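**Student:** Need coordinates for the below:
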Amino acid sequence: SLVSTFDPDLSEHSAESDGGFTREHWRPHIDGAVPEIDVKLGAGEGAIGEVINLPVGDANISGHRVVAEWLIPKDYLRSEAKASPSHTLVMEVVGDSMHPTYAPGDRVLVDLSQNRMVSDTVYAISDGTAEPQIKRLQRVPFSSPVEVKIISDNPNLETFTVELDRLTIIGRICGHIARK
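**Tutor:** Alright, predicted model coming up:
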């Protein structure tokens, strides 16, 4: 999975007792916080930060480093953002392909549980080879196999079309934290 994570401040012994470093087992320093992981969604070209491998019991767990914690009320995530609090994390946006909607340095809330395209909106996506990106997806009506337009909000960039099965939807973008 793209987003397993851990707290590097935990000792190896306490990691074993927690059962691993998955998003479901991550424990915030601030009660109720949402993790920001060391992955940058490309509005152009993304970046995957430090991935760490640690022994846990008889296995190795790898995951993205947590770089910050954001205190976002669970009721807001559920009611307003329509996101799962236990599956949502924060990622930074880099590049300008989604400008003016998303600018470099903005943060987005990504709900990992919404990893199928059910509506035309903005998603964190991957083609399986390049770094993850943030793009607007729009289903092409009557296409078979199902195709989607991958749209950059920057009007200077082209829209392109691919078969939906050729891309991985990491999660739906359900919130936006910007410096305006």
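
**Student:** Now do I151 against E36, distance only.
**Tutor:** According to CB to CB, to the nearest Å, I151 and E36 sit 25 Å apart. Heads up, the C-betas are built off the backbone N, CA and C, glycines and all.

**Student:** low pLDDT regions in this structure?
**Tutor:** For the chain, the stretches flagged by pLDDT under 70 are 1-26, 43-64.

**Student:** which residues in it form helices?
**Tutor:** Under the criterion DSSP state H, helices of the chain are mapped to 12-18, 74-75.

**Student:** In contact with the spatially most central residue of the chain, which residues?
**Tutor:** Among the residues of the chain, the one closest to the centroid is V110, at 4.5 Å (CA atoms, centre = their mean). For V110, the contacting residues are L41, T88, L89, V90, M91, A124, I170, G171, R172, I173, C174, by CB atoms under 8 Å, 6 or more residues apart in numbering.

**Student:** ok, now which ones touch the residue lying closest to it once chain neighbours are set aside?
**Tutor:** Nearest non-adjacent residue to V110, counting by CB to CB, 6 or more residues apart in numbering: G171, 4.2 Å away. By CB under 8 Å, 6+ apart, the contact set of G171 is H87, V110, D111, L112, S113, Q114, N115, Y123, A124.
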